[in-house]
Structures are given as structure tokens and as C-alpha cells.
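Colleague: Provided below are the primary sequence and the corresponding predicted coordinates.
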Amino acid sequence: MFCLILAVGLVSCVSAASTRPPHSTHHHATHVTHHHATHVTHEAVETEYFSFYYDPTSHYIAAKSKHACYLYQTNAQEQIDVHTSHGLHTIETTMLNLIDSDSAKVTMSSSDLHHVSTRLSHLCGSVSSHIFKLN
């Protein structure tokens, strides 16, 4: 009888131990930082978005922003490089530098763009009055 009670007790202990959630070994620290600023500035949030699209038929890349569409004609090496991440990012950086510089940007009409690339014409359609060729 004593063995039966001992066996039931062991089973109960093992069962309770296996249903208890495991003890976490991770230590969680709480860090509180207090800033004692005497003057808080409220700067405007600045955002700028460009989407890039490469048209393999015309070999142009378009960089479209909210207000304009910029076109860049790739050279023979860039037409190869555009298919790698590094090459594409290099061309995109070149385009952004040209957009930001004071270099000549030639205005392009919607119909001229349509003759170059119908795909890019559709992409730039919403900003058709502001289409610029970078090179």
C-alpha cells in the first residue's frame, strides 16, 4: 500500500513538473532615460520618394517622383550593369545626382516619351507636364 501511495505521489510530481511553463534564462532589464531639455524644437518632417523603372526595350530608366518624371538613357555598359543590384543602385545614384545638380534637364513632351517607350509613358502619365531627360 505504501508503494502505491509513493508511486501515485511521484507520478503527480512528474506530471506537475512537466505542465509548468519553463523558466526563462533571459534577463530583461528596464532602462529609463530622462531628458532634461530646456527647449524642444519642432522640425518639419522631410520626405522624398522616387520609384525607378527600367525599360529593356528602349534602355531608358525612369525615376518618378510625386511631381516629375526623369528619364535617363543607359549606355552599353549600363545596359549590362542594370541587371545587378550594385549596377542598378549605381545608375540610380547617378540619376539622383543629375536631378539634384544644376545640369541641363531637357523637357520632354508626353508624345515624345510615348514614341520612346509606351511603358514609361504610362508610368509618367500622371506627371506628364513635368517630364525631363537627364542625358
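Modeller: Alright, I've got the coordinates. Numbers count the residues shown, from 1 in each chain.

Colleague: Just give the closest residue to residue 113, not the sequence neighbours.
Modeller: Computed as C-beta to C-beta, 6 or more residues apart in numbering, the closest residue to residue 113 that is not its neighbour in sequence is residue 121, at 4.8 Å. Every residue, glycine included, has its C-beta placed from N, CA and C.

Colleague: And the one helix or strand that neighbour maps to, what's buried?
Modeller: For residue 121, the element it lies in under DSSP states H and E is helix 118-123. Neighbour counts over helix 118-123 (16 or more other C-beta atoms under 10 Å) mark 119, 120, 121, 123 as buried.

Colleague: so where do the strands sit in the chain?
Modeller: For the chain, the strands defined by DSSP state E cover 51-55, 60-64, 69-73, 106-107, 131-133.

Colleague: Mean neighbour count, mean pLDDT and distance to residue 98 added to the ones you listed, as a markdown table?
Modeller: As requested, the strands of the chain are exported to a markdown table (neighbours: other C-beta atoms under 10 Å; pLDDT from 0 to 100; distance: least, C-beta to C-beta, whole Å):
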| stretch | mean neighbour count | mean pLDDT | distance to residue 98 |
| --- | --- | --- | --- |
| strand 51-55 | 16 | 96 | 13 |
| strand 60-64 | 22 | 96 | 9 |
| strand 69-73 | 22 | 96 | 7 |
| strand 106-107 | 10 | 91 | 12 |
| strand 131-133 | 20 | 94 | 9 |
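
Colleague: and the ones you listed as a markdown table, adding distance to residue 86?
Modeller: Shown next, in a markdown table, are the strands of the chain (distance: least, C-beta to C-beta, whole Å):
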| stretch | distance to residue 86 |
| --- | --- |
| strand 51-55 | 15 |
| strand 60-64 | 15 |
| strand 69-73 | 17 |
| strand 106-107 | 28 |
| strand 131-133 | 25 |
